[in-house]
Each structure stands twice: as structure tokens, then as C-alpha cells.
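Q: Have a look at this fold, sequence not included:
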């Protein structure tokens, strides 16, 4: 068995994801295909990059992670294949791999150019089906990474909102909102702990302040927001059995601040 | 092969379901994972319980049924594993298994406590990934049920709306509405038949009455609701090629009555 | 391994798709089930037929394609099984297979009647679970096609909007709109090329005209629609990183015209 994971912005309304799976299984009938997410906002590279970063390491060693969020399909943007210690990553070279590859060092980068592995005819509008899927399938079958193209030195990187730390303030922002309406910030557990130490603090978002970290969603009352370190290891604002997004009426990009008292 | 079925309220917008599958496949690469439903209304334990009850018996013997609808994650609510003649069930102990376990007698109940089987570090916010998924995976690999924790005597049960039968009336309510807008009541085929016998009857919901049971959705006209015994073996109100929910403007909880004439 | 592909209008909100998979795996634990699409508009046979036609050939040889869009469930409509050179197709006989079967000639047509292969009891409301799923499973296990019923001579066909070609005009219409809002017409690449030859032309839809074919979505500006041959090999109207549906405010059935200058 070899696992291929998928992140796309194709949704499930059309046959796009089904075709990618068909192509993979035709080439490697023994592959196990796992959907991470197909509901990326169309063309939202940074959302896909965020989910990949927070997913890849839970997969079995050897997994081929395929990401097709590809606003540049058919343009001159490159297609890349990256090998790390534990995984393979395949995607258009638009930065979508760059957050994951901060955590897992690239050992080899290949620009995918060998048409031998492409579906024929090869469309200019659906590289997911015609190029990325067959490459993922042959790779999952054990084909040598060098065969898919030529070595490359670098790949595009995303500039994500960074945390700003001053003497008394940690400034971040909401970078992801999940289906429950939980607000995920870019403030990670390690930075937060180092900043807070054992001091008192308050967290401020919109017109609300929260003065402690809860250990779980149940810890809050039904009537107000709570803060916790979530399963991404990020500072998150939530409402017990409710939606913090709806309660606070915030969107991605909303500022969040931790103030040392 | 061993099948793991999944019911969650995680939706498919995030990477939560993908992570559960990743964790399972990392531990048991030979497992087959089948989605029953991930679109349970957030925290709606009774909806999940209803779908589990109406799904589990169609699966191969030995299937591990994993349900993660878990408003109490991180609280002191227990995590349980139940063995029946044909299946295993894993869930937070919040009643979500109780409807299925009326139909399939529990042979052993284990409170899941053995941290050896948990992902490390173990979050307090995502037991689906860190506790339930690995336990399901090890169980599907054949690990002895006793190893996961200590025997328990009981599990939480749900109080569901019961049918009331009087001399001339059977009173029930709508407990589920499917994507087609079909209205599923809690009046089961056996109770209905025993009540009706060969007598004439009428079914009343909102301001409509229906005086016969149809054998299929096509039997009705396009212009009015029909009643039938559905594939759950429950009395259902439907519209041929239309939505009874929209036509009658009803929601879950709407009363439905069968009157013997 | 043997692949079973699924197209249904069941959505993913209920347990219907999960039950079909359960039934298949119970009978043939070695089958690989691939979702093509479950989000067909309820009872929209022509949408399902369109997606099947544009999907089936990407699957491994031997794949069983199962389509359950079945407004006539429980009526006298037939259930059919069709063998072609490379594939098997199973569906209610309502025309849903007919577009695919123009591209892949039927070698044998069987009317499914042998109750031996049905789930017992067999409901009149969910043939997907009780009849089509078990037949697909036994077929994927290698059961002889003749055993499922009796030979039939024909199957229902769909009348789809046809392209009208006059001296200077090619008249078609939008037959599919994907999740990105791309407008897919019924004008295929071959007809278009034959019509245009090397002449100048303009494409007209609603109040817009486009005077060239782009090779990919990126080729257009952000501010206007572009035309291209899409991955279905059909003439498509799109907006680079935007929705042509929203921009032009059109729905399925909108007329599109190619005029030779």
C-alpha cells in the first residue's frame, strides 16, 4: 500500500476529484487515496498551504501529498516534486508547499517536465488530472524521483502574516476559521508561552478580552468566548457549543493581541 | 481487510476527517475507511445516534464503527468501546451509541483509558484524532478489547421522543429530514401495522391528511404529499420529485398523527 | 482489486452513500469504491449522464460504473446492466447511461431481474442500497453478467440539446456549470474547429463577444470573459480567477453562438 493524500479547491460538486482518483488507480491500483480537503476557497493558495502544514505529518511515512490549487494552470508556472525525509510533495510551484516545507526539510526538488508520465492528450486546463495525478501515481508505485524532470534549486514561498512581539504585546491575526466557527490565530503555543511565562495577561480580539487559557472547548460558559491552544498548536478563540465567528462577527485577517499585565 | 466506519460532525471543509483517516492508516494500512456521514449538525448527538442505528448493520461483520460527535471533548465525559456479536463501537460516552445498542446487544463495555494507544502529545481539543482514531485502528488490527481500558457496566442513553398510542390515535413526530426533504417520523412499520390492522385510517401532519400508504415515491402526484414506509422502516411523508419539507414547511419535531377511522 | 465508481444525487448529508459502500464491501471486501459525484441536483438525470460521459474512460479497465439517480424508484422502470469493451454500467433505465454509451458501444444489455442478488428485504424506496449496490458488488467480484437477468435489446436514451450549424453560425447552449462558475457549452472541439477552420470568428453569449480562443484560464485579464476548449473538450466561457456565471449572470440553457466573420 502507498498513500496519496489530496488537497484541492475542486469541491465535490463536479467530477474533478473523481477523475484524479480514477487516473491514480488506473496507474497504481494499490494506492490508498485520502482526501484531506477539497473545499479550499477557489484559488486560495494560503489556505491550502495552511491545511497541508497542519496535516502532512499525521500520514504514514512514504505518503505522496498532492496539492492542486492552481490559479496558474496552463501558464508558465512550474510544477514541482519535493522529497523530504518522510514524504513526497507534488504541486504547482506557487508557494502552496512552502509552509509544510519549513517543518520538513526538502532533500530534493524536481521540476516536473518529463512528458512520458503525463496523460495524453495533455490539456492546458486540468493539470490535476493530466499531469499531477499520473505523476503522483507513478511516484507512489516507487518510480525514482529523478525521472520526472530536472533538479531545481528552490521553490516559491508564501509570505504569511507574522506575529509582532513588542515588550508588552504580542500581535497576531486570525488566519483560519473552521466549520465550527472557531477562530485560529497565527500565534503558536511556543511563542505564546515564552511571552506569557507565568505572568498575568489578557487576550484581546475585537471588543472582547479574555484573561486565561482554557484547556478545552467545554471549559467556557455558553455566553462568552474562550481562548485555548488548539489541535494545530495555535491560539484559538472559541465558544462552547457555539460559533465564535458568528458571536464576534469576525473574518480571516481580524487582529488579535496578547497583552502582558 | 477490516472496515472502520465514520460518523462525525466535522464536515468536509477542514482537515479533521482527513487527519482521522491518516492516523488510522498509519497504524493499520490495511483498514478500509467508509464515511457514513460527516455532516451531522455540530454537536447534534441524537442525529448521529439516529444515523448510526440505521447504518451499522449493513456493514461487514467485524466493522469498527467510530462516532465522533463530541461536545464534551476535554471534559470528564468517558470514552467507550463496546463489543457486540457482530461489531465494535467507539465513541464518547454521551448517548450517541445508545440507539444502535438497543438493536444489537452489548457483550462488553470498556472505558477507554489506556494511554499507550493514544497519539502523543494528546490534545484536549481533538480526541477524534488523538484518541478515538488510534484506538479504532488498533482494534481493527485485532488488538484485544480488554487492553484499551477497564470494564464498564453501563453507558449513557438518549431519551428520544416516544410514540404515544391511544385507542384511536398513534402520535409521533418527525425525527429526521433527509436531503430530498423527505420527513422521517419515529413511527416504525411494526407499530403502525399493528395499530392499523386492516382498518381504514388517515395520517395527519400540519394541515394535511393522507389516507393511504404508497409503496414508493413515484406513486404520488406531483401536487401533494404521500406517506410510505421508507428504507429506515419508518413512516415517512414525501412528495414525488419534490420536497415535503418545503411544501409543508415543517422542521424536525413536527407532530404527526395516525387516526383509526 | 476491482473498482466501483459512484454517481448519485444522494448528497453527503445523509447515510445513503455510506450504506451503498457498506453493502458493496460486505459482498466484495476487495473492491475499491471511487466517488465521482454525489451532488447531482435531485432527480437531474441529464446532469448525471453528462458527468458519466465525461468520467468513465479515465477509470481502470473492468471498472463497474454505478449511477443511482432514480426518480422512478419503485415504479415499473427497468434496471439495467450494460457491458462494453472496457467497462460495466449499472443504472435505472432512465437514459442516464445513454451519453456514455454513445462513446463506448454496448456489447450486452441485461435487464436486472434476478432477486437472488438483491438484499432481503428489498425496499421499494432505496434500490441503490438493496439492488444496485449488491449487483455492482457481485459483478465486481467476477459474477457472469448473464446471471443477473435477461438480455434486453435497448435502453432509454436522452434527448440533449443539439448544436445547430448554419452557413455562418454555430448555435449551442450552456449545458453544465462547474463549481468555479465556468460555463460549459455543448459545442465540442471537433465541430468548432471544422466550423472555424482558419477564419476569423466571434463567440457571443448574452451581451458579450469574445474573438479568440485562449489556451488556458490564465490567459484572460481579470476583467472579462475568455473562451477556451476545456478538459471535457468542449467550448467553455470562463473568467481568470473569477466566476463567469456570476459575471454574466447566466444559467444552464443560456444560448451561445459562434459567428464566422
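A: Yep, it's here. The structure presented is a predicted model; accordingly, all values stated were derived computationally and were not measured.

Q: strands paired with the lengthiest strand in chain A, and their directions?
A: As assigned by DSSP state E, the longest strand anywhere in chain A is strand A:169-177. Strands that pair with strand A:169-177, judged by DSSP bridges, come out as strand A:164-165 (antiparallel), strand A:183-188 (antiparallel), strand A:255-260 (antiparallel).

Q: Average pLDDT for that strand, rounded please.
A: When pLDDT is averaged over strand A:169-177, the result is 97.

Q: re earlier: and the strands paired with strand A:169-177: which comes nearest residue A:68?
A: In terms of Cβ to Cβ, the element of the strands paired with strand A:169-177 nearest to residue A:68 is strand A:183-188, at 23.3 Å. Quick note: C-beta positions are derived from backbone N, CA and C, even for glycine.

Q: And the closest residue to chain B within the stretch 101-250 of chain A, how far from residue B:127?
A: Going by Cβ to the nearest Cβ, chain B is nearest to residue A:216 of the stretch 101-250 of chain A, at 2.3 Å. For residue A:216, the distance to residue B:127 equals 9 Å [Cβ to Cβ, to the nearest Å].

Q: same thing with residue A:234?
A: Using Cβ to Cβ, residue A:234 is found at 18 Å from residue B:127.

Q: Would you mind giving the secondary structure of residue A:161?
A: coil (DSSP: H, G, I helix; E, B strand; the rest coil).

Q: nearest residue to the residue nearest to the spatial centre of chain A other than its sequence neighbours?
A: By Cα atoms, centre = their mean, the mean C-alpha position of chain A lies nearest to residue A:51, the distance being 2.3 Å. In this structure, residue A:51 finds its nearest non-sequential neighbour in residue B:15, 4.7 Å apart by Cβ to Cβ, 6 or more residues apart in numbering or on different chains.

Q: what do you get for residue A:151?
A: In space, and not counting its chain neighbours, residue A:151 is closest to residue A:110: 6.2 Å by Cβ to Cβ, 6+ apart.

Q: Spit out the contact partners of the one you found.
A: Neighbour list for residue A:110: A:80-83, A:145-146, A:148-152 [criterion: Cβ atoms under 8 Å, 6 or more residues apart in numbering or on different chains].

Q: okay, and for the stretch 101-250 of chain A, where does confidence drop off?
A: Of all residues in the stretch 101-250 of chain A, those with pLDDT under 70 make up the ranges A:220-222.

Q: So in terms of bridging, what pairs with residue A:65?
A: Judged by DSSP bridges, the bridge partners of residue A:65 are residue A:5, residue A:89.

Q: so what's it up against?
A: Going by Cβ under 8 Å, 6+ apart, residue A:65 touches A:4-5, A:7, A:52, A:56, A:59, A:87-90, A:100.

Q: which SS state does residue A:108 fall under?
A: Per three-state DSSP, residue A:108 ends up strand.

Q: my read: it touches residue A:87, true?
A: No: using Cβ atoms under 8 Å, residue A:108 is not in contact with residue A:87; the gap is 12.0 Å.

Q: Show me which of these two is the more surrounded one.
A: residue A:87 (20 against 13; other Cβ atoms under 10 Å in any protein chain shown).

Q: from what I can see that one touches residue A:67, true?
A: No: Residue A:87 is beyond contact range of residue A:67, at 12.0 Å (criterion: Cβ under 8 Å).

Q: Most tightly packed of the strands paired with strand A:169-177?
A: strand A:183-188 (a mean of 23; mean count of other Cβ atoms under 10 Å in any protein chain shown).

Q: Which segments of chain A make up each domain?
A: A:2-151, A:164-260 (automatic domain parsing).

Q: still on that earlier bit, which residues does the residue nearest to the centre of chain A contact?
A: A:7, A:36-37, A:40, B:14-15.
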